[in-house]
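K.L.:
Pasting the sequence and the predicted coordinates here, then a few questions.
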Amino acid sequence: MRRLVLLCILSLLASCGGAGRGDSDGYGSRPRHIQLSYTVAENMARQLAAKNYANIRIIKSSFIDIDNADGMSSAGRVYPEVIGSRLAQLGYEIVELKVRSNSIKISPQTGVMLLSFDKNELSKTYNASAALVGYYKHFPYDQQTMLYVRIINLEDNTIMASDDVGIKD
């Protein structure tokens, strides 16, 4: 009988043991770039909440290589996808840009880029009040990429929330 009780206790402990491993945020087993992107999104969500920007629709665009505005690597497409995904998980409405307009360029090589912040056109077409934009810079000698992420108010182009972070490559 003791063995059975001991076996049950050990089984219960073993099944619970994996749940808390890693970071206390619950996504410690995810790749570093996802962890970083989630942290950026959560930091900006806290800023938006503190400023009472709870019910905003955010247009998501590709991030720009700060040294080459005409091109980008996969980082310029991946980071906004994950940051936008986490913002959606946190309750924000994220607008996927799938239709080309005069203020948006969509290209297989570069992704979705906002070419202007024409507040009337973007607000009317996508019913959005903000845009997720960003820049990145790769520092090969440090083996690091820096991200400069902003949520911009489409009405007056002010920064509603921001975060600047680096990740080792």
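P.N.:
Yes, it's here.
K.L.:
my guess is residue 83 contacts residue 136, does it?
P.N.:
No. Between residue 83 and residue 136 no contact is recorded; they are 11.8 Å apart, counting by CB atoms under 8 Å. All C-beta atoms are positioned from the backbone trio N, CA, C, and that covers glycine.
K.L.:
neighbour-wise, which of these two wins?
P.N.:
Set side by side, residue 83 and residue 136 show more neighbours around residue 83, with 29 against 21, by other CB atoms under 10 Å.
K.L.:
average pLDDT across the helix or strand hosting the more buried one?
P.N.:
Using DSSP states H and E, residue 83 sits in helix 75-89. Across helix 75-89, pLDDT averages out at 90.
K.L.:
Setting aside sequence neighbours, what's the nearest residue to residue 168?
P.N.:
Leaving aside its chain neighbours, residue 168 sits nearest to residue 144 (5.4 Å; criterion: CB to CB, 6 or more residues apart in numbering).
K.L.:
Show the contacting residues for the one you found.
P.N.:
For residue 144, the residues meeting the contact criterion (CB atoms under 8 Å, 6 or more residues apart in numbering) are 138, 166, 167, 168, 169.
K.L.:
Of those, just the buried ones, ChimeraX syntax please.
P.N.:
Here is the ChimeraX command that selects only those of the contacts of residue 144 that count as buried (16 or more other CB atoms under 10 Å):
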select :167
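K.L.:
just the contacts of residue 144 now: which is nearest residue 36?
P.N.:
Nearest to residue 36 out of the contacts of residue 144 is residue 167 (CB to CB; 4.9 Å).
K.L.:
Low-confidence regions, the protein specifically.
P.N.:
Counting by pLDDT under 70, the chain contains low-confidence residues at 1-30, 71-72, 98-123.
K.L.:
ok, and what's touching the longest helix seen in the chain?
P.N.:
Secondary structure of the chain read by DSSP state H shows that its longest helix is helix 32-50. Contacts of helix 32-50 with the rest of the structure, by CB under 8 Å, 6+ apart, involve 23, 25, 27-28, 30, 54, 56, 78-79, 82-84, 86-87, 90, 92, 147, 149, 151, 160-163, 165, 167-168.
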